[in-house]
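In: Pasted the sequence and its predicted model underneath.
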Amino acid sequence: MRFAETGFNLEVDLTRGNIEREATDPKLTALYLGGLGTNAKILWDRVPPEVEPFSPDNLLIFSTGLLVGTPAVGCNRTIVSTFSPQTLLMAYSMMGGFWAPELKYAGYDKLIIHGKSPDLVYLWINNDKVEIRDASHLQGKGATETAELIRQELKEPKAQVASIGLAGENRVYFASIEQGRSSASRGGIGAVMGDKGLKAIAVRGTNDVNIARPDEFIELCNEALEYIKVRRENPIPGVMPILAGLGSPQEMAIHDEKWHTENFAWGNSRHRRKGFWNEEIEKQWTDTMENYRTRLISCHNCPMKCGATISIPGFPTYMMKCFSKLTYAMAAMSDLEFGLRIAQSATEYGMDGFTAPQVMAFALELYEAGILTDKDMPGMPSDNEGRFYWLLDKIVRREGIGDVLANGTYWAAKEIGNGAEEYAHNNIKKHEQLPLKLGMLNPIYFLMYSTGEKINITQIEGNFPQAPFATREEREEFVKDWIQVPDEKFKKWFLDWELRGENSIPYYPTVEATCEIVDWQEKMHYIDDATGMCAGLSSFPLKPPYHIHNLPTLISAATGMDLDESGLTQIAKRIRNLVRAVNIRRGMRRKDEKPPEDHWKKRFPELETKLLDEYYKFKGWNEQGIPTRESLHELGLDYVSEDFLQRGILTDVEGSPSEKASTEK
Amino acid sequence: MKGEKKKRIIKIIKIDVDKCTGCRACELICSAFHAAPRYSSNNPARSRIRVIHEPLRDIYIPVYAGDYAAAECTARDKYTIDGKEYEECAFCRASCPSREIFKEPDSGLPLKCDMCESDPPLIEPMCVQWCLDDALTYEEREEEGEEEEKIEEIEIGLESLANKHGWQKIMDIVARMSKKG
Ligand code: SF4
Ligand code: SF4
Ligand code: SF4
């Protein structure tokens, strides 16, 4: 019997209409856990680097995490992996909600889609009955609308549905996959789904998930619940409200938006508006939220309720979470009322709430600058909000200039030319980032931005405070019950970290400490993305219930695997290097590893070079950021170095003696 | 025993639907608690509580599995909430032949909330313990009343099987199986 996982993947070839249930090798679980880990392995094995994102040979993998479907509190992630049409690299966006647990109860760990259907179809997975069904009647329908229609026609209100809207159908490079209260929106994975002619996937499952050591496991779950209660009563003092608690940033519950509206940049990630937040605006925005928010809602088996149902009179109801609350409002230089209204349309169209508003603001900047003209924007209204709606429609339908903008700011700027590139200024690896423009370089964030394979900062923030606390007493208070640190030295680094003076950014934490801090934060994310744990209870907030000291036992009690801290660390490292290898094979190198040029006003080229050099060394990568043969060998990834040698990505000279590899061949 | 006046404890789970976040932790933990051995598996489809949820209508109603009904009842209820009509029997607690809810997914045997009866007794039923948002809360009250004879779970199960397949068939199978054993 397999524990926590089902031991089966569902393989669906949409070209031939072929459906197979394939048993998986338990050895792979031992090496890569599940979720992102095994996804990366499949992409490495089965999608050669020449394969274009919109090729039938590209795979679209919907994976449950290893512990999804067990009682592990907050463990519900669907990890979607494929190759992004926008970055041309691996995309691994994730969603909470209820879809992955349902897939596991249906009896599968992953759904692997290959090929391309000539006509629009949807999948219906009902335990062991799996059908490819016609979706022509759903063409052009909204993502949420589609889910409802499918549940009705299947007469299965309990089916969980992941679907795309018009943006995905039209292969907009920032199309999302929507699933009720959650969405997998980064990296344009909705466009890949649309390219495959797949409108939706409905799942219903009624099978058991088994636990290897039940008593031990449930005790750990109960402990997590207890700790969540403690943290509810004890928000962390001295940090902003959204960082003080657990969960995703509690954007649906918290009304005080001073920090976001004054520190994040408005428009095309340009303007800081100091002093924006006043009493009048606070009242107005609070009223808006209170009027439209009908309920706070949670994901599967989680008490954090980070999402909300939004019902605006005259508009269909939708669900929202996190910072998409503000992205449209701020990009359009408007207010929350507008933001919530347009987000309703954007959710039905199925679009990434980070990239979409930035693309629109970028277009309007180009228009103000005369790079785009009335000829490009025929019929565009004159007011900002009207323009946003107009642009949204053009982009989703890929009409006129919308067809260009639908590829995101990087590709659109290239095509528009005439200086437009200067305006696509907030990207990393061709992907739009949070609209954040700051003063002084922060070494930790410099490395996370530059080297994070998720290419998305909000998803890699972590357990180390984002900024120093003002006084030594506050810091001492903070470290008192900081049980999550892997090692006492992290406490020391935090204690010594000052707002000003010698021990402040950019030179403190020191390069050495920075490498370790980044590595720790990243490691926790890789573990979560393999187990399916929500980052909101683990790798994302300060002082979470799950950490490196209890996760090994949790995983071990659920699966029966033999696992301790160093074992889990080794697995996380293996996954991390494999994800990197997948991208290296597709051409990613050091030159791509940089934050947006204007992210910080004060930059330190020498320090930055040193940071990257040292971090690469720390990680066992060469000066190009390529994992070396030794480090790959140490992780049991010799098949990667063999491939690298064959392709000339690594040479014998760089690595250690090559005899071994060549005799193995 | 029958007919005697006796003090008994009435166990009440209070349901505040306004506080429900739709997390379904209650379903999950109920199914895990009732697995044999305890917590060795879980499967919300085996749960004795179900959250009837229609997120777009803002409906989240935890419903507890009640008694087994041998036949569909002829008196149906049909709710309208906030102007929206619900299917017949939408919030009924019975495990009943007309529908799938509150039955074991494989055997079709009826499920009924037993208030997590266990030895030693729990402080609170599991679904209440795992509902951190207080949509479910627990109370006990003492009452005088007549003790009813308790029907064993196995008896209820057998009865439901008999209703489905007929006594004769069940007897045949039992006879056959006991020979094998
Ligand atoms: S913390 Fe929030 S986002 Fe994460 S699983 Fe819980 S409700 Fe969902
Ligand atoms: S555990 Fe509580 S909040 Fe969650 S679904 Fe059940 S009743 Fe609702
Ligand atoms: S009281 Fe116990 S048996 Fe009844 S629904 Fe809750 S967890 Fe299940």
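Out: Sure thing, it's come through. Ligands and ions are numbered 1, 2, ... in the order given.
In: is stretch A:205-213 anywhere near chain B?
Out: Yes: if you take Cβ under 8 Å from any Cβ of the partner chain as the test, stretch A:205-213 does meet chain B, through A:205, A:206, A:207, A:208, A:209, A:210, A:211. (Each C-beta comes from the backbone N, C-alpha and C, glycine too.)
In: What is the neighbour count of residue A:565?
Out: 14 (other Cβ atoms under 10 Å in any protein chain shown).
In: That one is in contact with residue A:548, isn't it?
Out: Yes: contact status for residue A:565 versus residue A:548: in contact at 5.8 Å, counting by Cβ atoms under 8 Å.
In: Residues contacting stretch B:133-149, please?
Out: A:303, A:305, B:1-21, B:23, B:26, B:60, B:62, B:124-125, B:127-128 (Cβ atoms under 8 Å, 6 or more residues apart in numbering or on different chains).
In: can you pull out the strands in chain B?
Out: B:5-15, B:41-42, B:49-54, B:59-64, B:80-81, B:84-85, B:136-146 (DSSP state E).
In: Mean pLDDT lowest where, among those strands?
Out: Per-segment mean pLDDT for the strands of chain B reaches its minimum on strand B:84-85, at a mean of 78.
In: Spit out the contact partners of the residue in the stretch 201-350 of chain A that ligand 3 sits nearest to.
Out: Residue nearest to ligand 3 within the stretch 201-350 of chain A: residue A:218 (13.2 Å; Cβ to the nearest ligand atom). By Cβ under 8 Å, 6+ apart, the residues touching residue A:218 are A:71, A:211, B:32, B:39.
In: how's chain A carved up into domains?
Out: Listed by automatic domain parsing, the domain ranges of chain A are A:8-204, A:241-432, A:438-647.
In: Rounded mean pLDDT for the last one, please.
Out: In this model, domain A:438-647 has an average pLDDT of 97.
In: do it and ligand 1 meet at all?
Out: Yes: between domain A:438-647 and ligand 1, judged by Cβ under 6 Å from any ligand atom, the touching residues are A:534, A:536, A:537.
In: Distance of the nearest residue to the last one once chain neighbours are set aside relative to ligand 1?
Out: Nearest-residue entry for residue A:537: residue A:74, 4.0 Å, with adjacent residues in sequence omitted and distances by Cβ to Cβ, 6 or more residues apart in numbering or on different chains. Distance of residue A:74 to ligand 1, computed by Cβ to the nearest ligand atom, to the nearest Å: 5 Å.
In: And residue A:197, by the same measure?
Out: Going from residue A:197 to ligand 1 by Cβ to the nearest ligand atom gives 30 Å.
In: still on that earlier bit, quick check: which of the domains of chain A is buried the most?
Out: Comparing the domains of chain A by mean neighbour count (mean count of other Cβ atoms under 10 Å in any protein chain shown), domain A:8-204 ranks first with a mean of 23.
In: May I have the distance across that one, first residue to last?
Out: 16 Å (Cα to Cα, to the nearest Å).
In: Repeat that for stretch A:479-487.
Out: End residues of stretch A:479-487 are separated by 12 Å (Cα to Cα).
In: what does stretch A:145-161 give?
Out: End-to-end for stretch A:145-161, by Cα to Cα: 11 Å.
In: Show me what from chain B comes close to ligand 3.
Out: So chain B meets ligand 3 at B:30, B:33, B:48, B:49, B:64, B:113, B:114, B:115, B:116, B:125, B:126, B:127 (Cβ under 6 Å from any ligand atom).
In: Residue B:48 contacts residue B:112, doesn't it?
Out: Yes: using Cβ under 8 Å, residue B:48 is in contact with residue B:112, at 6.3 Å.
In: list the residues that contact both of these two?
Out: Residues touching both residue B:48 and residue B:112 (Cβ under 8 Å, 6+ apart) are B:65, B:102.
In: Which residue of those two possesses the greater neighbour count?
Out: A direct count of neighbours by other Cβ under 10 Å for residue B:48 and residue B:112 places residue B:48 higher, at 25 against 17.
In: In contact with the more buried one, which residues are there?
Out: Shown in contact with residue B:48 (Cβ under 8 Å, 6+ apart): B:30, B:34, B:64, B:65, B:102, B:111, B:112, B:113, B:114.
In: how about these in TSV, adding distance to residue A:129?
Out: TSV is the format used below for the contacts of residue B:48 (distance: Cβ to Cβ, whole Å):
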residue	distance to residue A:129
B:30	26
B:34	26
B:64	30
B:65	26
B:102	22
B:111	23
B:112	28
B:113	30
B:114	32
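In: Narrow those residues to just the buried residues.
Out: B:30, B:34, B:64, B:65, B:102, B:111, B:112, B:113 (16 or more other Cβ atoms under 10 Å in any protein chain shown).
In: shouldn't the second one be in contact with residue B:43?
Out: Read that as residue B:34. No: Residue B:34 lies out of contact with residue B:43 (Cβ under 8 Å); the separation is 9.9 Å.
In: now chain B, which segments are flagged as low pLDDT?
Out: Scanning chain B for pLDDT under 70 picks out B:1-4, B:146-151, B:179-181.
In: so what are the domain limits for it?
Out: Taken from automatic domain parsing, chain B resolves into B:7-145, B:149-181.
In: which residue is nearest the middle of chain A?
Out: Taking Cα atoms, centre = their mean, the centroid of chain A lies closest to residue A:93, which sits 4.3 Å from it.
In: For that residue, list the residues it contacts.
Out: Per Cβ under 8 Å, 6+ apart, neighbours of residue A:93: A:80, A:176, A:177, A:184, A:185, A:186, A:187, A:189.
In: quick revisit: what about the residue of the stretch 201-350 of chain A closest to ligand 3, which SS state?
Out: When classified by DSSP: H, G, I helix; E, B strand; the rest coil, residue A:218 comes out as helix.
In: Now do it against residue A:424, distance only.
Out: 51 Å (Cβ to Cβ, to the nearest Å).
In: could I get the domains of chain B as CSV with distance to residue A:525?
Out: As requested, the domains of chain B are exported to CSV (distance: least, Cβ to Cβ, whole Å):
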stretch, distance to residue A:525
domain B:7-145, 23
domain B:149-181, 45
